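Novice: quick one: sequence plus predicted model below, questions after.
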Protein chains: 2
Amino acid sequence: MNTFTLAIHGGAGTILRADMTAEKEAGYRHALDTALLAGYTILEKGGSSIQAVQAAVMALEDDIHFNAGKGSVFGKDGRHEMDASIMDGSNLMAGAVAAVRNIRNPVELAYTIMTKSPHVMLIGQGAKEFALQQGLATEPDEYFFSAFRYEQWKQMQGSDAIALDHNVKVTTPETSGDGKKYGTVGAVALDIHGNIAAATSTGGMTNKQFGRVGDSPIIGAGTYANNKTCAISCTGHGEPFIRAVTAYDVSCLMEYKGLSLEKAMQVVVHDKLMKIEGEGGMIGVDASGNVALVFNSDGMYRGMKTSDGRYAVAIYK
Amino acid sequence: MNTFTLAIHGGAGTILRADMTAEKEAGYRHALDTALLAGYTILEKGGSSIQAVQAAVMALEDDIHFNAGKGSVFGKDGRHEMDASIMDGSNLMAGAVAAVRNIRNPVELAYTIMTKSPHVMLIGQGAKEFALQQGLATEPDEYFFSAFRYEQWKQMQGSDAIALDHNVKVTTPETSGDGKKYGTVGAVALDIHGNIAAATSTGGMTNKQFGRVGDSPIIGAGTYANNKTCAISCTGHGEPFIRAVTAYDVSCLMEYKGLSLEKAMQVVVHDKLMKIEGEGGMIGVDASGNVALVFNSDGMYRGMKTSDGRYAVAIYK
């Protein structure tokens, strides 16, 4: 039987052991385990990598611990705007959604755009209309409420955070309160058919305004998959990740320069991104069953589970 | 004195001599000339490539001949939604805007996002609010009206165009009426300081709905610039261009495989894009003063003007 592999992440950033309680940590580990199981079960039954990454990301979206789906942070207007993307390495098909509200699982919407529309990317109210037409699950604003996120946002509201001026010290949601955290979730997988896939989902930045979109819904930046090279899902400071075309850069280093998956990811995360202050990380698999989880921040919520018995859930460096 | 170079495009597609009148053709040529002059004048005075591409694209946006700015096509709701992006090869800074309404020059908004915000991409109503805050020019819906585009849209409205189902023969605005045309405008430039830049702008697809976004506002897909490699602006069927991460792919083929600008563009346009039915083209410059205009469609509105006396405006193959 061919091997299969799943890796997931729940965001990267200044995640320090000192800031964590045993209870909090157990909560994160349990959530990561649940998502791993959701995707792995599909792969184990011979299911496709595209279904596995979707299932794993939906589990992460449904968990309040992560900034995606249910756990999405509050935007400037006190509501939640979400982004997601998915790509199938077997045929280079892709789907993406940005700035969508009240959709329970944005990654499911990205998948539906990929499979049921001639388009790759839909945004805003139009994307929501398409979701409704396709019968996807929606939730009222209350579903996305959590006291923890609300408190984060209230702190930001008081400050003049996310100042839109390069000359002003920019306080991002991630630099306030409990340190820099780039809230995103993602999954990459290889199935027994030899196909790989990647998916990413996020609730964006706390107190974000002006319809800001990061790298998560951008094919090539936050997400990329191609059986010839790799499947990549990123998490980090969205702007440098877009400018570096991060996910596709790993693929090009493999395809054109012959680098291994891990070496290519190291070059992009530790060299290229660092040069433009691109804090964060990524997870990747290739069609040979290699898997790598690389980050330049203090921590990254992450997990992996493979058919040859490798299993890990980790948070810190 | 160092050389400088400017190239522009006004969209690619099924543009056939047989469908053109002498008067119509003269109008397109005049419009391309005007845009070339707008950008070239800046380069000639020692101005930057980023200012030159912005000026050239603004001239194209202000001209009714092209599907961008004033000449934008009608969306499903009878209004105009525009996308644009810009990238500076000297510092890898970038700006992008998607699904924005009533902004006179979306490329100017992309530039302002790049220079006056900590973000790369803003979309929808939020992007418009940022534009208003920054004092950018807006226009009422009537400004974007043209009898020609309205007629195009009315024909589409009657048909069930842009069917959202892969199994249905999809009639796009480009396959109706006067043949396939991917309306986009763009510019790439090299300035005397050795810096290169690229910009792209579009009004999207006639009768588009669901907040569909193509490659034009996607850094890496529709637009990319890096002094080390190339500045690229694309025009074509947006979905395959996003899936192929088209503009950045040219850069990677140059950086990692050592291909020349023109060879890399040929590989992407004639090989990679063709394999996924990616009809269209692109224009590119590099820091050595090379310039190329490559397309796999019947025609591409295009022009170039260089400090060493090369000048051309062309439409057909």
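Specialist: Right, received. Where do you want to start?

Novice: mind listing the helices for the stretch 1-150 of chain A?
Specialist: A:22-44, A:49-61, A:106-116, A:124-133, A:147-158 (DSSP state H, counting those that start in this stretch).

Novice: now those helices as CSV including mean pLDDT?
Specialist: Putting those into CSV (pLDDT from 0 to 100) gives the following:
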stretch, mean pLDDT
helix A:22-44, 97
helix A:49-61, 98
helix A:106-116, 98
helix A:124-133, 96
helix A:147-158, 79
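
Novice: quick one: closest of those helices to residue A:245.
Specialist: helix A:106-116 (18.9 Å; CB to CB). For every residue, glycine as well, the C-beta is placed using N, CA and C.

Novice: could you dump stretch A:136-149 to CSV, C-alpha only?
Specialist: C-alpha atoms of stretch A:136-149 as CSV (Å, rounded to 0.1, in the frame of the first residue of the first chain):
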residue,chain,number,x,y,z
LEU,A,136,-23.6,25.8,2.3
ALA,A,137,-24.0,26.2,6.1
THR,A,138,-24.3,29.8,7.4
GLU,A,139,-24.2,31.0,11.0
PRO,A,140,-25.4,34.2,12.8
ASP,A,141,-22.9,36.7,14.1
GLU,A,142,-23.3,35.2,17.6
TYR,A,143,-21.8,31.9,16.5
PHE,A,144,-18.5,33.7,15.9
PHE,A,145,-18.5,35.4,19.3
SER,A,146,-16.1,34.4,22.0
ALA,A,147,-15.3,36.4,25.1
PHE,A,148,-11.6,36.0,24.6
ARG,A,149,-11.6,37.4,21.1
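
Novice: which phi and psi does residue A:307 have?
Specialist: Torsion angles at residue A:307 (phi, psi; degrees, to the nearest 10) stand at phi -70, psi -20.

Novice: isn't it up against residue A:6?
Specialist: No: counting by CB atoms under 8 Å, residue A:307 sits too far from residue A:6 to count as a contact (9.3 Å).

Novice: before we move on, the earlier item: can the helices of the stretch 1-150 of chain A go into a markdown table with extra columns for mean neighbour count?
Specialist: Formatted as a markdown table, the helices of the stretch 1-150 of chain A follow (neighbours: other CB atoms under 10 Å in any protein chain shown):
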| stretch | mean neighbour count |
| --- | --- |
| helix A:22-44 | 18 |
| helix A:49-61 | 29 |
| helix A:106-116 | 26 |
| helix A:124-133 | 20 |
| helix A:147-158 | 15 |
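
Novice: so which of these comes closest to chain B?
Specialist: helix A:124-133 (2.7 Å; CB to the nearest CB).

Novice: packing partners of that closest one?
Specialist: With contacts taken as 3 or more CB pairs under 8 Å, 6 or more residues apart in numbering or on different chains; DSSP states H and E, helix A:124-133 sits against strand A:93-100, helix A:106-116.

Novice: change it to 6 Å
Specialist: Identification of packing neighbours for helix A:124-133 by 3 or more CB pairs under 6 Å, 6 or more residues apart in numbering or on different chains; DSSP states H and E yields strand A:93-100.

Novice: residues in contact with the strand it packs on: which ones?
Specialist: Outside strand A:93-100, the residues that touch it by CB atoms under 6 Å, 6 or more residues apart in numbering or on different chains are A:81-87, A:106, A:109-111, A:113-114, A:120-124, A:127-128, A:211, A:213, A:217, A:219, B:123, B:243.

Novice: would you mind naming what in the stretch 201-317 of chain A lies close to chain B?
Specialist: With CB under 6 Å from any CB of the partner chain as the criterion, the stretch 201-317 of chain A meets chain B at residues A:210-213, A:219-220, A:239, A:242-243, A:245, A:248, A:252, A:256-257.

Novice: out of those, which sit inside helices?
Specialist: A:239, A:242, A:243, A:248, A:252, A:256, A:257 (DSSP state H).
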